[in-house]
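[1] Got a predicted structure plus its sequence, pasted below:
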Amino acid sequence: MFLLFCLPLVAAMFTTLQANEVCYEHLGCFSDDYPYSGTEQRPIAKLPWPPEKINTRFLLFTRQNQNAWQQIEARNPGTINSSNFEETRQTAFVVHGFIDKGDESWLEDICRAMFSRDDVNCICVDWVGGSRTWYSQAVNNLRVVAAEAAFLISVLQDTYGYTADQIYLVGHSLGAHIAGEIGKRIPGIKRITGLDPAGPFFQNCDPLVRLDPTDADFVDAIHTDAAPMIPDIAFGMKQPVGHVDFYPNGGEEMPGCEKNTLSTILDIEGLWEGTRNFFACNHLRSYKFYTETIQIPEGFIAYPCDNYDDFTQGKCATCPDGGCPKMGYLANTYAITPGVVNELFYLNTGAKTTYSRWRYEVSVTLTGLSNEDGTFRIALYGPNGNTNEHQMPPSYVKLIPGETYTYSLDAEIFVGEPSKVKFLWQREHFSILPSSFGVSSISVVALFNGNTIKDILGGPPALHGNLAAGFPAIRAVSAHPALLLGATHSVLSASDLCKVLLGHPSENQPLDQTSNRLPLLWPGMLAGSMWSPAVKTPLTGNVHSGPRYLVSLE
């Protein structure tokens, strides 16, 4: 794969540029002139192969034939009449990229996932005859593939009265630019989704040759392999190409793509899939994410931000008035501003399926008698289960009693209405000297859309209303600092944060398992470099070292 991609770049140094043109019946003419060549990004002048050699096929899946495709042909409308194609349905075209083929399982998986939500015609576009060649040739072959698809759409329009706003195009890699080329040929396409649009020969090129926001009414893109081609051998593009562009995990290095060479190539899914993952793991993540967004859209909320560094530092925790978009299948539910394009959104995912994540903001105010170099872990509990323990400071920091530390937590499950928070801390260096740390307050804010929470949690409107900031109101305990475990339920506004204040025990009355608000989980003393328990600071006297607690929000 790598040699097929790189060798033509060397050959380009010896190529003489001379404009040529070829024409094909029903498809039109194709030139190798500017902007298709003669630029820094496109040094190689090539004409696309004839349609007979590329042999583009259209493989139809519907709810009636989810596991066996039906081939339909624009030049033989009888194949459409005898198929399960239904003109009253929306039609999705799924297009593969370089070296791939149209009957790979991932394209069929996308179709079947769509059927679980919507009754659509799903057409997988197979152009393996033009994709398994030198990359520079495949780049030019895609224009013929797009022309073939546009011709099929025109037949649907003429024969069935089909309209362009019934068409949805999904393309991976070079397939994203095929979708863009179709949009240029068929005005009024409803939507295009680019799955890690190919970067080489397209990055910073004239919009005429690449996916662009003008190619459809709504264009969205997922970027997963956007690092520089050299030295990273990345295949995607960093440049935004849509109305909204999503950069999961920053768009360059995907969690789970760091496997060693042997284990990657000898993948359990097979040698071919393993080899693909070794060379293009980040690049392939885009369609894996997309497939899962169809089934779990609420787990892919993305946040507007200028760059990934600001996002990881928690500087981008607010959503527009209409809420944050969901990356993937339901991205078009986001209300774009007319005339505004290239909006950037960021989110984090898991390293393996399930990739979905739910983002919370957790603020911890520490107690103790002295500063410590260390870190701490947080786990959230709710009616749907509990998260893993997440290390909140990414590295060891100075922990100072009285200070509040705020971090984002990307939970692997949606816990529902948070009911408990587990806090554990750890010293950076081993010491025989005893030490203890605790928390005076922990606040938890759900940073995803209020409507989504309402739909999943249900409950009375007073507790789960759609607040102005888009956050859910969460029931919490408020405890007067002078009262031991004196607590009442209250509904917090969006500006209150969802805070629980721990009760302060008297000097002679440490908290224990007799408290139903702070249930004892593990009695005993922990010190040194072991994970230490949360401890509670009394109003006067010494800090109590003691058991590990779950902090109850009920």
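    That came in fine, so what should we check first? Numbers count the residues shown, from 1 in each chain.
[2] hey, let's count contacts and neighbours off CA atoms from now on
    OK.
[3] The closest residue to residue 165 other than its chain neighbours and residue 302, how far apart?
    Nearest non-adjacent residue to residue 165, counting by Cα to Cα, 6 or more residues apart in numbering: residue 190, 4.3 Å away. Distance from residue 190 to residue 302, counting by Cα to Cα, to the nearest Å: 22 Å.
[4] which one of these two has more residues nearby?
    residue 302 (27 against 20; other Cα atoms under 10 Å).
[5] and that one, what pLDDT?
    Here, the pLDDT recorded for residue 302 equals 97.
[6] so it sits right up against residue 326, yeah?
    Yes - using Cα atoms under 8 Å, residue 302 is in contact with residue 326, at 6.0 Å.
[7] how about the nearest residue to residue 121, chain neighbours excluded?
    residue 91 (4.6 Å).
[8] likewise residue 283?
    Distances taken as Cα to Cα, 6+ apart put residue 225 closest to residue 283, at 5.0 Å, once the chain neighbours are dropped.
[9] Now for the one you found, how many residues are close by?
    Count around residue 225 with other Cα under 10 Å applied: 32.
[10] can you give me the end-to-end distance of stretch 192-202?
    Using Cα to Cα, the two ends of stretch 192-202 sit 17 Å apart.
[11] Quick one: the helices in the chain, in order.
    For the chain, the helices defined by DSSP state H occupy 2-11, 51-54, 77-81, 105-115, 128-131, 135-160, 174-185, 229-232, 261-265, 271-295, 308-312, 450-457.
[12] Quickly compare the ones you listed and say which is most buried.
    helix 174-185 (a mean of 28; mean count of other Cα atoms under 10 Å).
[13] what does that one rub up against?
    Residues outside helix 174-185 that contact it (Cα atoms under 8 Å, 6 or more residues apart in numbering) are 95-98, 139, 142-143, 145-147, 149-150, 169-171, 189, 192-198, 209-212, 215-216.
[14] you'd agree residue 38 is up against residue 44?
    Yes - proximity of residue 38 to residue 44 meets the contact threshold set by Cα under 8 Å, at 7.1 Å.
[15] So the two - more neighbours on which side?
    Here residue 38 and residue 44 are compared on neighbour count by other Cα under 10 Å; more neighbours surround residue 44, at 25 against 17.
[16] tell me the pLDDT at that one?
    We have a pLDDT of 86 for residue 44.
[17] Same question for residue 440.
    84.
[18] And for residue 413?
    Reading off the model, residue 413 has pLDDT 94.
[19] quick one, strands of the stretch 301-450 of the chain?
    Counting by DSSP state E, counting those that start in this stretch, the stretch 301-450 of the chain has these strands, from start to end: 303-304, 343-347, 358-367, 372-382, 385-386, 390-391, 397-399, 404-411, 420-427, 437-446.
[20] Quickly list the domain ranges of this structure.
    The chain breaks down by automatic domain parsing into domains covering 55-347, 358-552.
[21] picking up where we left off before, looks like the residue nearest to residue 165 contacts residue 220 (just checking).
    No - applying Cα under 8 Å as the test, residue 190 and residue 220 come out as separate, 11.6 Å apart.
[22] list the contacts for residue 300?
    293, 326, 327, 328, 347, 349, 356, 357, 358.
[23] Derive a PyMOL selection command for the buried subset of those.
    To isolate the buried members of these in PyMOL, using 16 or more other Cα atoms under 10 Å:
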select buried, resi 293+326+327+328+347+349+356+357+358
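[24] Which two among the contacts of residue 300 are spaced furthest apart?
    Maximum pairwise distance in the contacts of residue 300, criterion Cα to Cα, is 15.3 Å, between 328 and 358.
[25] Could you verify my assumption that the residue nearest to residue 283 touches residue 232?
    No - in terms of Cα under 8 Å, residue 225 does not count as a neighbour of residue 232; the distance is 9.4 Å.
[26] hang on, the earlier thing: in ChimeraX, select just the buried ones from the contacts of helix 174-185.
    Remark: buried members of these, expressed as a ChimeraX selection using 16+ other Cα under 10 Å:
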select :95,96,97,98,139,142,143,145,146,147,149,150,169,170,171,189,192,193,194,195,196,197,198,209,210,211,212,215,216
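[27] so of the contacts of helix 174-185, which ones are in strands?
    Members of the contacts of helix 174-185 lying in strands (criterion: DSSP state E): 95, 169, 170, 171, 192, 193, 194, 195.
[28] Next, count neighbours for residue 26.
    10.
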